[in-house]
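> When you get a sec, could you give me coordinates for this:
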Amino acid sequence: MKSFFSAILGFDSNDRKASEGVLGTVKAYYGCVEAQGRGTLHCHLMVWLEGGLDPNEIKERIRDVNDIEFRDRLLAFLDDSICNEVPSDPGPEYQVPSSTHHPCAVRGIAIDAVIEGQHTALHRQKDLHNLVKACQVHKHNATCFKYWKGPPAPRECRFDLSEDNFCSASYFDDKSDEICLRCLDGMVNNFNKTILEAIHCNMDIKFIGSGASAKAILYYITDYITKSQLKAHVAYAALDLARRKLSEYDPKYDELTLRAKELIRKSAHAMISHQELSAQQVSSYLLDIGDHYTSHQFHNLFWTSFEKYFEEMMPSLSCSAKYDLNIDGDNLSLEDSNEPDLTDKLAEEALDIDEVAITTDQEGFLVPKANQVQDYHFRSKELEGMCL
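Sure thing, here's the model as predicted:
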């Protein structure tokens, strides 16, 4: 992956310097490694390009300002970066390693062979043709229609891949404010020619730029990089095991808060002990390869303390009111309750600890410590422009 960032994207993660890569000059990236059902590792990566505009800025430039030159340059860049058709076959007389072996099992065309004249541009086209046919052409299966509710609802692939999808040229839809990209083969997943030739395996590439499709892609990627590897049935079994173990304690001798904390601790330990990891994941952890890749370094932000501070400064009526739910026959009623919520009690206990403290360093000197809220609230004038 580090070679991919430096050689393909042109971003040197060591000194954080970027040069022009396949997609342009990369400003930042963040990727999360995930394991498939069979254990194969793959990366979901988001890339920010230098000079890239957000959806509102793109819409303003194209629709409001009517910048035709900007629109044409943007569409030309996207057409050059994203492909979705099978390259033509130059003929059986051009033989490459991927002609006799699976394209993912070979390295493709050797550069020295091209330089020496043994392979030509048509050999490279032959290799790309074999790659796209083997890796990028979609084949419908039961997973494609698992959300289909049956007739009379249309039976549509949830990946939006269909033989009927066709668009001869990219354009900007003024009604929906969406950029509709060219689609020459509705059954071919999007790919970048250079990246596909370099990695020699299946890939997907999408432009996050405008409209409802951008929101859908952002939700899809966010859901992927934040979802737990723990299966639902394993999680429920682990929670039930923790509950049964906790019930062995005599409630007369356990404080409510301690029991709640013990339940959380046991639940977490049970989930971790029952988590399923593939051999590839275990190997990557042992080799310290990492489960994510980022171009920048980040510091953890403990949002609970900030949320507590905001609630004290600007109390919300909807959040501050506490209610009890009473069920009387078929009637439901909400009544105010003055009983402290267990979650609030735990939060207050945690916040009580998170106060200004004084400690000593290794040499015995006094060192003041403060929480993140106070560090941010009392920041110097030089940092006044810093926003959470």
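> And the pLDDT for the residue nearest to R107 when sequence neighbours are not counted?
Distances taken as C-beta to C-beta, 6 or more residues apart in numbering place H200 nearest to R107, at 6.7 Å, with adjacent residues excluded. Placement of C-beta: from N, CA and C, glycine included. Here the pLDDT value assigned to H200 is 92.
> same check, this time on F159
Looking at F159, the pLDDT reads 86.
> and it, what does it touch?
With contacts defined as C-beta atoms under 8 Å, 6 or more residues apart in numbering, F159 is in contact with 138, 144.
> where along the stretch 101-250 of the chain do the strands fall?
Listed in chain order, the strands of the stretch 101-250 of the chain (DSSP state E, counting those that start in this stretch) span 171-173, 178-180.
> Could you look over those and pick the most buried one?
Burial of the strands of the stretch 101-250 of the chain is given as mean neighbour count (mean count of other C-beta atoms under 10 Å); strand 178-180 ranks first at a mean of 19.
> if we can go back for a sec, nearest to K193 among the strands of the stretch 101-250 of the chain would be which one?
With C-beta to C-beta as the criterion, K193 lies closest to strand 178-180 of the strands of the stretch 101-250 of the chain, at 20.3 Å.
> Which strands or helices does that closest one pack on?
In terms of contacts (3 or more C-beta pairs under 8 Å, 6 or more residues apart in numbering; DSSP states H and E), strand 178-180 is packed against helix 68-81, strand 171-173, helix 211-226.
> and with 6 Å instead?
On a contact count with 3 or more C-beta pairs under 6 Å, 6 or more residues apart in numbering; DSSP states H and E, strand 178-180 meets strand 171-173.
> Can you tell me what sits against the strand it packs on?
62, 71, 179-180 (C-beta atoms under 6 Å, 6 or more residues apart in numbering).
> I'd like those as CSV, with distance to Y29 appended.
Shown next, in CSV, are those (distance: C-beta to C-beta, whole Å):
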residue, distance to Y29
I62, 26
R71, 26
I179, 22
C180, 26
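> Which one of these is nearest to Y285?
Looking across these and measuring by C-beta to C-beta, the closest to Y285 is I179, at 39.7 Å.
> wait, the closest one sits on G209?
Yes: I179 lies in contact with G209 (C-beta atoms under 6 Å); the separation is 5.3 Å.
> Which pLDDT value belongs to I205?
Per the predicted model, pLDDT is 93 at I205.
> which residues sit in contact with it?
82, 190, 192 are the contacts of I205 under C-beta under 6 Å, 6+ apart.
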